[in-house]
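Peer 1: Compute the structure for the input listed below.
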Amino acid sequence: MARWPSARRALAALANEAKRALDGLDDGVYGGEYFGLGRNATDRAFLSGYERYDRDTSNANIAAYLVWNTFPVKRTLDVGCATGFVVEALRELGFDAQGVDVSQYAIDHPALGATGYLRRADLRQGLPFADGQFELVTALETLEHLDPADVPKAVAELSRVTSAYALVTIPSFGHNRNGPGGWYQAKVRDERIAYYESLGPDFEGPIPYLDLYRDIRGRPIEGHLTVASFGWWTDRFAEAGLERSDSTEQRLHPDLARFGLTKYWNIYVFRRPDVADPQPAVRSAQEQADLQGRWQLDQR
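Peer 2: This next block holds a predicted model:
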């Protein structure tokens, strides 16, 4: 009988460990707190993650609108989907959309309309899908969370599972051949910005770990580990067999500006070499106006 208290303590410890894992707290980055659990406006300042995470703050409706209005596709995969708001929005529009994320907390707390269409997966270990299973893969504010050494394999996985296109946003610096360029501010530690600016346009990165911008806890801000130039990222996708769709990117920038995202989203569009660039005007002007009104994008 004397052993029961210790057994109960052991079971309690296991239960607590399981709960921490479920809540995503063990990784110290992408658990519940990252997605706003237990936060308020006063404790958000200088911390990585969100004060709150929902369909509005995630810009999911804008992402879904851009996909709907740009790409003639039906089967989509959102890599780094978090709780699946982009998946939910795309499914509302008739897409066969799925999502994957490394955060178990996010997968266990899906958006209502994404329930059953999300699964945990890690780009560094490979995606659980067949070659070319999706016509479009999106990775929005995702790849910068990987260590530079892991980027080539991750990009190769994106290339492997798409049969046509990839839509990607990545915080970048330097010249952008298709739109506004990037910058070092809020990516590089303040005291090191002048040094990197002095290197001129030939420097492509990535920025060394010690020079990455930090949050109040001393961690790389938002978990961003790879900060590099537009040219560096373009080369990584080229190595994986994907080409930039210059004309498509150029068409997207007016929408990004209208929705107030030019400053926040450094956008890339890639395609397989044997696939044509998406043609303009996938949707009519009336269809665009109707969806913008429905999702209140016309108020941005």
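Peer 1: Strands of the stretch 1-150 of the chain, residue ranges please.
Peer 2: 75-79, 96-101, 118-120, 134-140 (DSSP state E, counting those that start in this stretch).
Peer 1: How about the stretch 201-300 of the chain?
Peer 2: Counting by DSSP E, counting those that start in this stretch, the strands of the stretch 201-300 of the chain are 228-229, 243-244, 267-271.
Peer 1: Adding distance to Asp298, write the ones you listed out as CSV.
Peer 2: Glycine gets a C-beta too; all of them are placed from N, C-alpha and C. CSV is the format used below for the strands of the stretch 201-300 of the chain (distance: least, C-beta to C-beta, whole Å):
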stretch, distance to Asp298
strand 228-229, 34
strand 243-244, 30
strand 267-271, 21
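Peer 1: So, low pLDDT: which residues of this protein?
Peer 2: 1-29, 31-52 (pLDDT under 70).
Peer 1: For it, just list every one of the helices.
Peer 2: In order along the chain, the chain carries the following helices (DSSP state H): 3-22, 60-70, 85-92, 104-108, 151-161, 193-198, 230-239, 246-258, 285-294.
Peer 1: packing partners for the shortest one?
Peer 2: Read it as helix 104-108. Packed against helix 104-108 by the contact rule (3 or more C-beta pairs under 8 Å, 6 or more residues apart in numbering; DSSP states H and E) you find helix 3-22, strand 118-120.
Peer 1: repeat for the second one
Peer 2: Packing contacts for helix 60-70, counted by 3+ C-beta pairs under 8 Å, 6+ apart, involve helix 85-92, strand 134-140, strand 162-169, helix 246-258, helix 285-294.
Peer 1: gap between Ser229 and Ala97?
Peer 2: 31 Å (C-beta to C-beta, to the nearest Å).
Peer 1: The two: who's more crowded?
Peer 2: For the pair Ser229 and Ala97, the greater number of neighbours falls to Ala97 (29 against 22), based on other C-beta atoms under 10 Å.
Peer 1: surely that one meets Val87?
Peer 2: Yes - counting by C-beta atoms under 8 Å, Ala97 does reach Val87; the two are 4.6 Å apart.
Peer 1: Identify the contacts common to the two.
Peer 2: 78, 117 (C-beta atoms under 8 Å, 6 or more residues apart in numbering).
Peer 1: So which of the helices and strands packed on helix 60-70 is nearest His175?
Peer 2: helix 246-258 (13.5 Å; C-beta to C-beta).
Peer 1: List the buried residues in that closest one.
Peer 2: 248-249, 251-253, 255-256 (16 or more other C-beta atoms under 10 Å).
Peer 1: hmm, back to that, which stretch among the strands of the stretch 201-300 of the chain comes nearest Leu167?
Peer 2: Taking the strands of the stretch 201-300 of the chain one by one with C-beta to C-beta, strand 267-271 is closest: 5.7 Å.
Peer 1: Against which helices or strands is the closest one packed?
Peer 2: Right, strand 267-271 is packed against strand 162-169, helix 230-239, strand 243-244, helix 246-258 by 3+ C-beta pairs under 8 Å, 6+ apart.
Peer 1: Adding distance to Val282, write these out as TSV.
Peer 2: As requested, the helices and strands packed on strand 267-271 are exported to TSV (distance: least, C-beta to C-beta, whole Å):
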stretch	distance to Val282
strand 162-169	12
helix 230-239	23
strand 243-244	19
helix 246-258	10
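Peer 1: And the ones you listed: which comes nearest Tyr184?
Peer 2: helix 230-239 (13.2 Å).
Peer 1: what angle separates the closest one from helix 151-161?
Peer 2: 50 degrees (axes from the mean of the first three to the mean of the last three C-alpha atoms, to 10 degrees).
Peer 1: tell me, how many neighbours does the closest residue in space to Leu158 that isn't next to it in sequence end up with?
Peer 2: Residue nearest to Leu158 in three dimensions, not counting chain neighbours: Val137, with 5.2 Å by C-beta to C-beta, 6 or more residues apart in numbering. If you count neighbours by other C-beta under 10 Å, Val137 ends up with 27.
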